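**Q** missing the sequence, but the structure's below:
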């Protein structure tokens with residue numbers, strides 16, 4: 001799990017830093033985006049019980065699922081997911097290169113706006129493109145500024161997740177008093 005440059009090293013480590021050249025990072029994120037898009041498209045294809053149909057040039061039987069229709073349903077989201085992830089990463093790498101390897105929230109703002117614009121392009125409406133670009137830019141900036149930790153008290157969270165109970169159970173005084181008061185329920 002921890003041998004390559006794309007791995008964070010630990011199995012349950014939430015950080016996932018991808019290192020390498022801008023081209024490597026862009027190709028990697030585009031591949032991850034394509035995989036997520038194939039998953040989304042597969043779920044969308046399997047969700048509805050109706051046949052998946054596309055319009056064909058020469059007519060054809062209606063009400064039957066064709067391989068072409070499944071390809072459209074699965075590969076179109078894969079293309080858009082890959083394009084959005086690749087545009088985000090390419091813009092982030094270009095911003096870092098133009099600003100002497102500076103990694104700050106400005107990179108996330110501009111990259112988020114470009115990625116959001118690609119997402120908005122799926123609708124074909126300029127108002128939606130602008131709104132998703134602004135929204136995604138703000139969202140990615142907020143994520144960058146808040147850091148990779150989303151919890152205020154890490155020690156308390158670790159105790160809640162991995163806290164170990166004492167080996168012997170010790171009853172509270174209130175529970176002992178209730179058991180003495182109601183002996184018929186002492187074994188509950």
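**A** Happy to help now that I have it. Treat the numbers as computed from the prediction; the structure is a model and nothing was measured.
**Q** from here on, contacts and neighbour counts on C-alpha atoms
**A** Fine.
**Q** what does the pLDDT read for the residue sitting nearest the centre point of the chain?
**A** Relative to the mean C-alpha position of the chain, the nearest C-alpha, by C-alpha atoms, centre = their mean, is the one of residue 36, at 8.9 Å. On pLDDT, residue 36 comes in at 94.
**Q** thought it was touching residue 79?
**A** No. Here residue 36 does not reach residue 79: they are 10.0 Å apart, not a contact under C-alpha atoms under 8 Å.
**Q** contacting residues around the lowest-mean-pLDDT helix or strand in the chain?
**A** Lowest by mean pLDDT, DSSP states H and E among the helices and strands of the chain is helix 154-162, with a mean of 78. With C-alpha atoms under 8 Å, 6 or more residues apart in numbering as the test, helix 154-162 has contacts from residue 151.
**Q** pull the residues that contact whichever helix or strand comes after that helix.
**A** Later in the chain than helix 154-162, the nearest helix or strand by DSSP states H and E is helix 173-181. Outside helix 173-181, the residues within contact range by C-alpha under 8 Å, 6+ apart are 185-186.
**Q** any buried residues in stretch 102-121, and which?
**A** 105-121 (16 or more other C-alpha atoms under 10 Å).
**Q** can you tell me the closest non-neighbouring residue to residue 74?
**A** Once flanking residues are discounted, residue 74 sits nearest to residue 41: 4.0 Å by C-alpha to C-alpha, 6 or more residues apart in numbering.
**Q** I'm done for today, thanks for sticking with me.
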